[in-house]
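# Structure for this input, please:
(2 chains)
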Amino acid sequence: MSAGLSDKEIIDKVLAGDQQAYAELVTRYQHYVFTLALRFTNNREDAEELSQDIFVKTYRALADFKGASKFSTWLYTIVNTTCISFLRKKRIKTKSFEEEGSIEIADTIHGDTNASLAEQKSKITMVNNAIRLLGADDATIITLFYKSEQSLEEIAQILHIEVNAVKVRLYRARTRLKEKMQTFFAEDVRNLY
Amino acid sequence: MQTEKKVEERLWEYMDGLATEQEKNIIEKLIATDIAWKEKYNDLLELQQLIHSTDLEEPSMRFTKNVMDEIAKVHIAPATKSYLNKNIIRGIAAVFIGMLVFIFFYAFVQIDWQAGSSTAVPVKLKNFDYNSIFSSISINALIMINIILGLFLLDRYLATKKKNYKAQAR
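The predicted structure is shown next:
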């Protein structure tokens, strides 16, 4: 069993020929990878397929992981590049929901939120839905910073940009998140503050 | 009076743990004494906590199994280092450096050190016969291909720069 082992120890086991040990890494990171893929695609089937590809790609490239960074940082770099090339191939529009069609989508989500809030009175659901309304870049940077626990330097490495650019983008993403919450979930926001 | 944007910017830096010790003390003081700062801080703090509490998305139940099934069909690729022979790279570098050294050495020995301080170019450019160089079709074709490739590379470079600039501006 590999459950108690560190990422590096699991990788060493896999490289030594224990293919099944890789399942622990998949279990450990599947939610993070799937969430990030979903931020890019906005489609669960595509995100699932992409996430599988990412784990297969990571497995094939495992011998190249030298431990210079965290495994998660290395993995998210693969997530980022794979998702970007997927979007290029599929020419999916990653534009913000402010553009055409956004209101209908937002209404759908808002409807879900109202129902969900009525049932669970959950503020978290509202924030979750507001993140879904963001563009891929904003949603990704928020997910990397808050959920995947990556430092600004690590995010810079993942996204291939400067640390200062990460700071600026993170600030803008949070500002846009607040705007989305105020635009589409105004009533809920009033209850929130 | 600072703009709301500036206040938020400073508060986020403080909350992310990126503020300097001096800035941290100033902001703590402001939060403690200024109601507007305190309210803004509480708003942002609640938002931050809510973002932290959001759920990650769940893939399907069979996700790990599907990945392991796919992995059973592939092998781990050898590390890049193992098939990139450093000796070959060093050899190529040595050839290029050798060529540069030879060209510089050749040019150096060709200089007429007795020419004095005159700045006049010893070759009459007007009399230079360019036709002897550019008469060959194959050389002209080669130059044309290089120009096209150069323009293609420049286009790619500028497109990437534009994309990066747009991405950073967003």
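# Next one, pLDDT for the residue lying farthest from the centre of chain B please.
The outermost residue of chain B relative to its centre, with distances by C-alpha atoms, centre = their mean, is B:Gln114 at 47.7 Å. With respect to pLDDT, B:Gln114 scores 73.
# Next: the one 5 residues further on.
In the prediction, the pLDDT value recorded for B:Thr119 is 65.
# any idea which helix or strand carries A:Arg88?
For A:Arg88, the enclosing helix or strand under DSSP states H and E is helix A:71-90.
# What is that helix packed up against?
helix A:7-15, helix A:22-41, helix A:44-60, helix A:152-159 (3 or more C-beta pairs under 8 Å, 6 or more residues apart in numbering or on different chains; DSSP states H and E). Every C-beta, even on glycine, is put in place using the N, C-alpha and C of the backbone.
# tell me the most buried of those helices?
Highest mean neighbour count among these (mean count of other C-beta atoms under 10 Å in any protein chain shown): helix A:22-41, with a mean of 23.
# and the angle from that helix to helix A:44-60?
140 degrees (axes from the mean of the first three to the mean of the last three C-alpha atoms, to 10 degrees).
# Send me stretch A:138-153 as CSV with only the CA atoms.
Only the C-alpha atoms of stretch A:138-153 are listed here, as CSV (Å, rounded to 0.1, in the frame of the first residue of the first chain):
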residue,chain,number,x,y,z
ASP,A,138,-9.3,33.8,-13.5
ALA,A,139,-10.9,30.6,-12.3
THR,A,140,-7.6,28.7,-12.8
ILE,A,141,-5.5,31.1,-10.8
ILE,A,142,-8.0,31.2,-8.0
THR,A,143,-8.1,27.4,-7.9
LEU,A,144,-4.3,27.1,-8.0
PHE,A,145,-3.8,29.7,-5.2
TYR,A,146,-6.6,28.7,-2.8
LYS,A,147,-7.4,25.1,-3.5
SER,A,148,-4.2,23.6,-4.8
GLU,A,149,-2.1,25.5,-2.3
GLN,A,150,0.5,26.7,-4.7
SER,A,151,2.7,29.7,-3.9
LEU,A,152,2.9,32.7,-6.2
GLU,A,153,6.3,31.4,-7.4
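# Quickly check: whichever strand or helix holds B:Glu70 near chain A or not.
Element membership for B:Glu70, per DSSP H and E: helix B:63-71. Yes. Contact of helix B:63-71 with chain A (C-beta under 8 Å from any C-beta of the partner chain) involves B:Phe63, B:Thr64, B:Asn66, B:Val67, B:Met68, B:Glu70, B:Ile71.
# where's A:Ile54 relative to chain B, distance?
9 Å (C-beta to the nearest C-beta, to the nearest Å).
# what helix or strand is B:Ile89 on?
B:Ile89 belongs to helix B:86-110, assigned by DSSP H and E.
# So which elements touch the next helix or strand after that helix?
Going down the chain from helix B:86-110, the next helix or strand is helix B:131-134, by DSSP H and E. Applying 3+ C-beta pairs under 8 Å, 6+ apart, one finds that helix B:131-134 contacts helix B:137-169.
# residues of the helix it packs on that come out buried?
Under the neighbour-count criterion of 16 or more other C-beta atoms under 10 Å in any protein chain shown, helix B:137-169 has nothing buried.
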